[in-house]
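> Return a 3D structure for these sequence lines:
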Amino acid sequence: MESKIVSEEILRLHMVEESEKLRSLLKSGEISKELFLVNIMVRIYRYQTDKSFGSRQLIYENGGFKVERFIRWKWYFRYLQAKEQLKTPKQLIQIESISYVNPDRNKVLKKVLSNKLIAAKRDRTKAQFAIEKGKKLKEATSLFSHENDPDYIKALEYLSGKEKLIAEIEAEIAEINKNS
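Model (predicted):
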């Protein structure tokens with residue numbers, strides 16, 4: 001059974017309207033970086049009489065949304081709610097969102113880390129090709145060596161940063177494999 005988790009972070013995320021704001025909150029550290037483990041299930045209910053005492057009927061249910069996708073599609077859930085409210089104006093229609101974490105945390109972490117590893121390797125390869133292309137262009141068009149060029153130095157620093165990131169991610173994946 002999936003464990004249900006309602007946290008302050010998820011409640012704060014309901015106030016976030018755009019995915020750009022979400023990214024800025026993630027970068028600033030206001031929201032934990034393990035938020036990618038959280039899935040959100042959306043349900044829309046119709047209350048027959050009163051919200052606190054009446055019975056409710058499930059109208060819509062969809063689960064497995066990641067936080068960013070949930071924020072992107074929040075307008076659609078509100079649209080469904082309004083559409084149902086027009087059908088039955090005397091009954092209360094309410095959206096309920098439930099956040100939960102998949103039970104196999106290591107599997108999810110491993111998948112996320114492997115995706116990050118693929119992206120880092122892709123960036124490293126792009127940087128290597130750009131450096132080679134820059135070297136050839138500099139040799140063909142300039143009298144001076146490419147070794148002192150500030151763009152070349154920045155590119156080498158970027159490449160070494162990506163290689164360090166790849167090594168860190170591979171170490172984390174190996175640690176997860178060792179523990180499971």
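> Which secondary structure state is assigned to the residue of the chain most remote from its centre?
Distance from the C-alpha centroid of the chain peaks at Leu143, with 47.0 Å (C-alpha atoms, centre = their mean). Secondary structure for Leu143, judged by DSSP: H, G, I helix; E, B strand; the rest coil, is coil.
> Please determine how far it is located from Leu137.
13 Å (C-beta to C-beta, to the nearest Å). Placement of C-beta: from N, CA and C, glycine included.
> what do you get for Ala82?
Distance of Ala82 to Leu137, given as C-beta to C-beta: 57 Å.
> Over to Ile169?
32 Å.
> Contact partners for Glu163?
Shown in contact with Glu163 (C-beta atoms under 8 Å, 6 or more residues apart in numbering): Arg124.
> That one in helix, strand or coil?
helix.
> And the pLDDT for it?
At Glu163, the model reports a pLDDT of 94.
> do Ser3 as well
34.
> do Glu68 as well
We have a pLDDT of 77 for Glu68.
> sorry, back to before: for Lys133, see how far away the residue farthest from the centre of the chain is.
Distance, Leu143 to Lys133, using C-beta to C-beta: 19 Å.
> do Glu157 as well
18 Å.
> Quick check: which ranges of this protein have low pLDDT?
The model of the chain has pLDDT under 70 over residues 1-37, 50-53, 102-103.
> Could you chop it up by domain?
3-103, 106-179 (automatic domain parsing).
> Next, please give the residue ranges for the helices of the chain.
8-13, 19-28, 67-87, 105-141, 150-179 (DSSP state H).
> which of the residues in the fourth one are buried?
Right, helix 105-141. Using 16 or more other C-beta atoms under 10 Å as the test for burial, helix 105-141 gives 108-110, 113, 116-117, 120-121, 123-124, 127, 131, 135, 138.
> residue contacts, Val42?
Counting by C-beta under 8 Å, 6+ apart, the residues that Val42 touches are Tyr60, Glu61, Asn62, Gly63, Phe65, Phe70, Phe77, Ile95, Glu96, Ser97.
> between the residues you listed, which has the most around it?
In terms of neighbour count, Phe70 stands highest of these at 25 neighbours, by other C-beta atoms under 10 Å.
> Which residue is the nearest non-sequential neighbour of Thr88?
Nearest-residue entry for Thr88: Arg46, 6.5 Å, with adjacent residues in sequence omitted and distances by C-beta to C-beta, 6 or more residues apart in numbering.
> can I assume the one you found is in contact with Leu92?
Yes - the pair Arg46 / Leu92 is scored as a contact, 7.4 Å apart, by C-beta atoms under 8 Å.
> Between these two, which is the more surrounded one?
The residue with more neighbours, out of Arg46 and Leu92, is Arg46; 20 against 15, by other C-beta under 10 Å.
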